[in-house]
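Participant: Show me the folded form of this:
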Amino acid sequence: MKIFNSKIIENAIRLVDYWHRGQLRKGGIFDFWIHPIAVGMILAKAGVSDEVIAAGICHDLLEDTDCPESEIAQACSDEVLKMVKLVTVDKNISDWKAQSNASIELIKNSSDQVKLVFAADKIHNLQSLIELLPDYGLSFFEHLGKTPEDKLWLEDQRCLMLRQSLKHPLVDEYDRLVDEFVDLLEDLVEKEESSENNKSKILSPNPLSVSQFNYQPLTKKTLIINNNQAKNTEELLKLKAMQAKINALEQDLRIKLEKIKISKSTQSSNLKTKNSVIKKNKPRSKSRKKFAYLKKDEVKLLLPAILALIIDTGEVDSLLLQKHLNINFAVSFRVLKELKRLHIIKRVDAPKPRKVNILVAKQCLNELT
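Facilitator: Purely as a prediction, here's the structure:
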């Protein structure tokens, strides 16, 4: 790797220093030049040629500055200019989705070197976004000009194209980051929904309601605050009665959990005894492998409803799941990945609905019910 003594890479850095000087990234938090240099470092670590590294460093010059093409060619070579032009989006296309689809199709039909520049760019963009979101929340998407759903769709389409056309560790890293992005979005949505619910409870207290999924018992601190805010003895008695009911529910849950543990322990013991007398050549049970993307409650309560829906419709996409099952985009994304892993659909997500393998879907539904 010649990153410290390569003339072509040094020239690329000089171009970035001159043309991106004074620019800030979206959101106005960091200097723009950090991004192209980081993309070059990602490519250098991947062990690519000097030309590919230089293209990574220069990849935004045509898109975000007035740098002439001739200057890139003169400083870094015609080969570098060609790669930079291929990863530059066509701003003559006004609709962002059409623009993105055109760019993805162009990269799909380009060389592996161009795909690596594209992948390194998207990796650093997504890394930066994942680092910023916990501090700034979902409101940060206003700076991007896209909704979280739009951004997730876009990253998924880019990653899908790369996985279908190139085998490389950078593609694997990008795929991992997309999954991490989905998990982060889901956490942020849950936190903001929880925050809104808490605000609503403070402004207008609701009667006691214990949900199977968002159950949170009152703490002693909450009870003290509520006691101080109680207007009369009757309200105080209601609060104490509420706490008593919640304590009873907690006790009931502990008893049930203990029974489940005992039951599992007994089943495990019986299974070991049974397995000791089973012949080695006896065929294995057809029970399905553990689910990779859905949680236990989702498998038990959500997946059967999903399977019934897609068996009935014969096709599935993210919007169908969100509309009929009242789930958010992050959950629907994980559902689609699970359906792909189960071979019920062929692809994770796409602009158009995916056809459902009805036979496999029915088999899975039978196993669950």
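
Participant: Can you pull out the low-pLDDT segments for this structure?
Facilitator: 1-5, 27-29, 195-289, 347-352 (pLDDT under 70).

Participant: how does it divide into domains?
Facilitator: 7-191, 207-265, 296-368 (automatic domain parsing).

Participant: mind putting the ones you listed in TSV, mean neighbour count included?
Facilitator: The C-beta positions use only the backbone N, C-alpha and C, and glycine is treated the same way. TSV is the format used below for those (neighbours: other Cβ atoms under 10 Å):
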stretch	mean neighbour count
domain 7-191	18
domain 207-265	11
domain 296-368	17
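
Participant: Using JSON lines, lay out the ones you listed together with distance to Lys290.
Facilitator: Output for those, formatted as JSON lines (distance: least, Cβ to Cβ, whole Å):
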{"stretch": "domain 7-191", "distance to Lys290": "17"}
{"stretch": "domain 207-265", "distance to Lys290": "15"}
{"stretch": "domain 296-368", "distance to Lys290": "9"}
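
Participant: need the helices for the stretch 251-369 of the chain, in chain order.
Facilitator: 296-297, 303-313, 318-325, 329-341, 358-368 (DSSP state H, counting those that start in this stretch).

Participant: what's near enough to touch the residue nearest to Leu365 when sequence neighbours are not counted?
Facilitator: In space, and not counting its chain neighbours, Leu365 is closest to Leu307: 4.2 Å by Cβ to Cβ, 6 or more residues apart in numbering. Neighbour list for Leu307: 344, 361-362, 364-365, 368 [criterion: Cβ atoms under 8 Å, 6 or more residues apart in numbering].

Participant: Let's have the residues you listed in a markdown table, adding distance to Arg176.
Facilitator: Listed next are the contacts of Leu307 as a markdown table, based on distance: Cβ to Cβ, whole Å:
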| residue | distance to Arg176 |
| --- | --- |
| Ile344 | 23 |
| Ala361 | 28 |
| Lys362 | 33 |
| Cys364 | 26 |
| Leu365 | 31 |
| Leu368 | 29 |
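
Participant: out of these, which one sits closest to Asp17?
Facilitator: Ile344 (51.3 Å; Cβ to Cβ).

Participant: Could you check how far the closest one is from Lys296?
Facilitator: 19 Å (Cβ to Cβ, to the nearest Å).

Participant: what does Leu61 give?
Facilitator: 50 Å.

Participant: Ok, Ile130 next?
Facilitator: In terms of Cβ to Cβ, Ile130 sits 26 Å off from Lys296.

Participant: And for Asp175?
Facilitator: Separation of Asp175 from Lys296 (Cβ to Cβ) stands at 25 Å.

Participant: show me what contacts Lys299?
Facilitator: No, residue 299 isn't Lys; it's Val. So Val299 contacts 291, 368 (Cβ under 8 Å, 6+ apart).
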